[in-house]
Each structure stands twice: as C-alpha cells, then as structure tokens.
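Visitor: sequence? don't have it. structure:
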C-alpha cells in the first residue's frame with residue numbers, strides 16, 4: 001500500500017479560539033445565520049426554521065392509535081449549506097416524569113441539504129433512541145414538501161410536510177410494502193410555532209435541544225470509543241488533488257455530545273476558517289451513535305460541499321478504529337483513526353481500486369487538541 005508521508009509538526013499559533021468543552025466545540029462551528037444561497041430551491045425548508053410544539057398521533061401495528069406530544073427545532077447549519085432539526089417526543093419538559101414505551105421514545109435529528117446534481121434535497125434522519133437511520137430525497141410537490149426514500153430496515157418511506165404557514169404545518173409519515181403502489185399512514189403530526197421570532201431563537205432552540213452534557217450513562221463505556229474525540233482540534237492535512245498532485249494545508253475539527261448523550265456529532269472544516277479555499281474544500285458533519293441492537297457503532301458522514309452522504313461500518317483493530325464503506329463508484333473505502341492519545345490522533349482516508357488488494361491514500365490528517373480534555377458528567 002502506498003502511503004503519503006505524515007504531515008510535519010503543527011505550525012505555532014494555529015489554535016482556534018473555541019473552548020474544548022463539548023457544547024462550545026459545536027456552538028462555534030455548526031449554526032449558521034441563514035442559507036448560503038438565496039434562490040427558492042435552496043430555501044425549500046426555510047419556512048420551517050424555528051421552534052415548534054407538536055401533537056403526535058402514532059398509528060400502531062395492532063390498529064390502535066396513540067396520541068402524544070413533542071417538540072421540533074429547525075435551523076441552518078454548516079455555513080448555511082444545510083438545515084438540521086431535532087425532533088423529541090415526548091418533549092423534554094416531561095421526559096423524566098412520564099413512563100415511556102421504548103417504541104415511543106424518540107430523540108433524533110435530520111440533516112438536509114440541496115444537491116444540485118439531482119436538483120433536490122438529500123435528507124438523512126438519525127434516531128439513536130430507535131437505532132434507526134433513513135435516507136430520503138425531498139422535492140416540492142405543489143405547496144407540499146414530499147420526502148421519499150428508505151429506512152435501514154428496508155422499509156419504503158414517504159414523509160410529507162403540508163399546510164405550511166408561518167405559524168404551523170402538518171406532517172405525515174407513510175410506509176409501503178409493495179414498492180410504492182399502496183401506502184399506510186404510520187404517523188401524523190400537527191405543529192404550532194412557539195415564537196414569531198425566527199432569527200435569534202432558532203439557533204438557540206436547535207442547539208439547546210441538540211447538545212448534551214455528556215454520554216448517556218447506560219452506554220457510557222461503549223460511547224467512549226468516539227467520545228474520546230469530543231472537543232476542538234487543529235489539523236494538518238495532506239490530500240490528493242483532482243489532477244493527482246498533492247496539496248496540504250490546515251483545518252479544524254470540533255466534536256460534542258448530542259441527542260441526550262446517545263450520540264456524538266462533529267464538524268470537519270478544511271481549509272480552516274479565514275484562509276483561502278483549496279481543491280480539498282470541506283465543511284461537513286458526522287453523527288455517530290452506538291446501536292444497542294447491533295452492539296456496534298454507526299457513523300454517518302454528511303457533506304453538503306461535496307454532495308456526499310455515506311454510512312460507515314465501524315470496527316476496531318488493536319488501538320485503531322476502522323470505518324468502512326464504499327465510494328459512489330463502488331470502491332472499498334476506509335477511514336482509519338490511529339495513534340490516538342488524549343491530545344492527538346492520526347486519521348487517513350484510503351481507497352482501493354482493485355477490491356482491497358491495494359490501497360491509495362486520498363487524505364492524511366494529524367490532529368492536535370485545542371485546550372484541555374473536556375470532563376464528562
């Protein structure tokens with residue numbers, strides 16, 4: 001396997017002025033003031049920005065219905081290239097005081113971005129409470145927003161926003177077992193806006209609902225695998241340009257606990273903010289959670305800049321962490337964390353063009369922690 005030479009020691013003075021605590025790490029880099037592009041296609045979900053109270057009606061498999069409540073928070077993220085939401089049911093105000101059926105405990109997030117290569121929105125729903133991931137494509141259909149795709153259990157999904165006004169909307173979730181010929185409604189929600197102020201409250205509402213103080217106690221041991229990366233990091237990067245030449249530069253990585261401590265979310269930025277753009281530009285996010293049913297981590301990478309959504313299988317080998325998937329062209333791909341210490345790690349992105357017989361390095365990163373190792377609760 002060919003290997004790029006490891007990047008030299010960091011240049012002095014690269015520290016990002018962001019505290020290493022999990023909340024500060026994401027607060028400094030995830031929220032955005034508005035959409036990066038102002039045209040109507042990029043603003044499809046803009047009317048949903050803000051904080052909402054929702055009534056939730058679940059159509060259960062036995063034919064009965066369960067009515068409950070929840071909360072939903074939307075805002076722009078990743079330089080305005082994407083919109084993220086957090087949906088919680090039952091709402092946080094009552095979660096500690098009500099008896100919850102495991103099947104009705106929902107605390108998940110969606111990341112959406114407009115992909116010009118398909119002239120539609122990519123939608124990724126991640127719910128660690130239910131160990132569930134869904135990938136969909138969203139388009140306007142009349143005055144509705146229709147999202148169609150699949151769940152990781154093989155289900156065919158159609159999720160629709162309708163009756164959208166400044167003060168409310170209706171959402172309907174349907175599933176099909178015959179490739180979309182017939183549909184069954186599984187959930188309906190009616191949303192009411194909590195505040196007319198959609199500028200300052202939106203970011204605060206999303207981030208307050210998203211960020212957690214530390215790992216969820218029941219899985220704290222397993223969660224430590226990626227929890228050790230919580231905080232802020234300077235990175236030195238060597239990468240392969242489109243023409244095959246090598247480039248290098250500096251970047252930043254920020255990670256924190258999210259979704260009631262059931263998951264971590266990070267933001268990878270290259271080049272670092274305030275420096276000129278390069279061929280290897282990136283501003284994306286990873287959400288990772290421990291799937292209790294599978295007994296392993298799931299890692300979903302979302303890059304609005306490069307129009308990529310990719311879920312990786314996770315395994316460990318000695319002191320290294322391997323994330324494995326296939327590229328859009330079907331080639332085996334590995335992202336490998338190694339040389340991990342409390343204050344640094346090495347990461348590389350390698351791809352095989354001969355089905356795993358040999359590997360080529362696409363990106364090589366050395367990272368150094370900014371600040372102190374954050375304490376967990």
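Guide: Alright, I've got the coordinates. This is a predicted model, so every value here is computed, not measured.

Visitor: pLDDT below threshold where in this protein?
Guide: 1-23, 196-203, 278-280, 375-377 (pLDDT under 70).

Visitor: can you show me the helices along it?
Guide: Remark: helices assigned in the chain by DSSP state H are 22-27, 92-95, 200-210, 220-227.

Visitor: what's the most buried one of those helices?
Guide: Greatest average neighbour count among those goes to helix 22-27 (a mean of 24), per mean count of other C-beta atoms under 10 Å. All C-beta spots, glycine's among them, are computed from the backbone N, C-alpha and C.

Visitor: how many neighbours does residue 373 have?
Guide: By the measure other C-beta atoms under 10 Å, the count of residues near residue 373 is 13.

Visitor: what sits against the closest residue to residue 179 other than its chain neighbours?
Guide: Using C-beta to C-beta, 6 or more residues apart in numbering and skipping residues adjacent in sequence, the residue nearest residue 179 is residue 156, 6.4 Å away. Residue 156 makes contact with 150, 175, 176, 177, 179, 180 under the criterion C-beta atoms under 8 Å, 6 or more residues apart in numbering.

Visitor: any idea how far residue 55 is from residue 152?
Guide: As judged by C-beta to C-beta, to the nearest Å, residue 55 and residue 152 stand 27 Å apart.

Visitor: do the same with residue 245
Guide: For residue 245, the distance to residue 152 - C-beta to C-beta - is 38 Å.

Visitor: the two: which is more packed in?
Guide: residue 152 (13 against 9).

Visitor: pretty sure that one sits against residue 132.
Guide: Yes: using C-beta atoms under 8 Å, residue 152 is in contact with residue 132, at 6.6 Å.

Visitor: ok, so of the contacts of residue 156, who is nearest residue 62?
Guide: residue 175 (15.6 Å; C-beta to C-beta).

Visitor: residue 360 bridge partners, please.
Guide: residue 351 (DSSP bridges).

Visitor: correct me if wrong: it contacts residue 352.
Guide: Yes: here residue 360 reaches residue 352: they are 7.4 Å apart, a contact under C-beta under 8 Å.

Visitor: quick check: domain ranges of this structure?
Guide: Following automatic domain parsing, the chain resolves into domains at 33-210, 212-370.

Visitor: format those as CSV; extra columns: distance to residue 24.
Guide: Formatted as CSV, those follow (distance: least, C-beta to C-beta, whole Å):
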stretch, distance to residue 24
domain 33-210, 11
domain 212-370, 8
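
Visitor: of the ones you listed, which is nearest residue 25?
Guide: domain 212-370 (4.1 Å).

Visitor: ok, what's across the strand from the most centrally placed residue in the chain?
Guide: When C-alpha atoms, centre = their mean is applied to the chain, the residue found nearest the centroid is residue 287 (4.1 Å). When assigned by DSSP bridges, residue 287 has beta-bridge partners residue 265, residue 300.

Visitor: what does residue 215 show for phi and psi?
Guide: Main-chain torsions, residue 215, degrees, to the nearest 10: phi -70, psi 150.

Visitor: can you tell me how far it sits from residue 70?
Guide: Distance from residue 215 to residue 70, by C-beta to C-beta: 23 Å.

Visitor: the two: which has the busier surroundings?
Guide: residue 215 (25 against 19).

Visitor: gap between the more buried one and residue 132?
Guide: Applying C-beta to C-beta, the value for residue 215 to residue 132 is 20 Å.

Visitor: kindly report the same for residue 193.
Guide: 27 Å.

Visitor: please apply the same query to residue 84.
Guide: From residue 84 over to residue 132 (counting by C-beta to C-beta), the distance is 17 Å.

Visitor: and residue 289, by the same measure?
Guide: Taking C-beta to C-beta, one finds residue 289 at 10 Å from residue 132.

Visitor: identify the contacts common to the two.
Guide: Listed as contacting both residue 289 and residue 132 by C-beta under 8 Å, 6+ apart are residue 126.

Visitor: neighbour-wise, which of the two wins?
Guide: residue 289 (26 against 18).

Visitor: wouldn't that one be in contact with residue 126 here?
Guide: Yes: in this structure, residue 289 is within contact of residue 126 by C-beta under 8 Å, at 7.0 Å.

Visitor: what's the overlap in contacts for these two?
Guide: residue 263.

Visitor: hang on, the earlier thing: which residues do residue 152 and residue 132 both contact?
Guide: Listed contacts common to residue 152 and residue 132 are nil; contacts here mean C-beta under 8 Å, 6+ apart.

Visitor: for the contacts of residue 156, which single residue is the most surrounded?
Guide: The residue in those with the most neighbours, by other C-beta under 10 Å, is residue 175 (17 neighbours).

Visitor: which residues touch that residue?
Guide: 155, 156, 157, 158, 183, 184, 186.

Visitor: the last one: how many residues sit nearby?
Guide: Going back to what we said before, that points to residue 186. Neighbour tally, residue 186, other C-beta under 10 Å: 17.

Visitor: surely it is in contact with residue 174?
Guide: Yes: using C-beta under 8 Å, residue 186 is in contact with residue 174, at 6.6 Å.

Visitor: around residue 153, how many other residues sit close by?
Guide: Neighbour count of residue 153, defined by other C-beta under 10 Å: 10.
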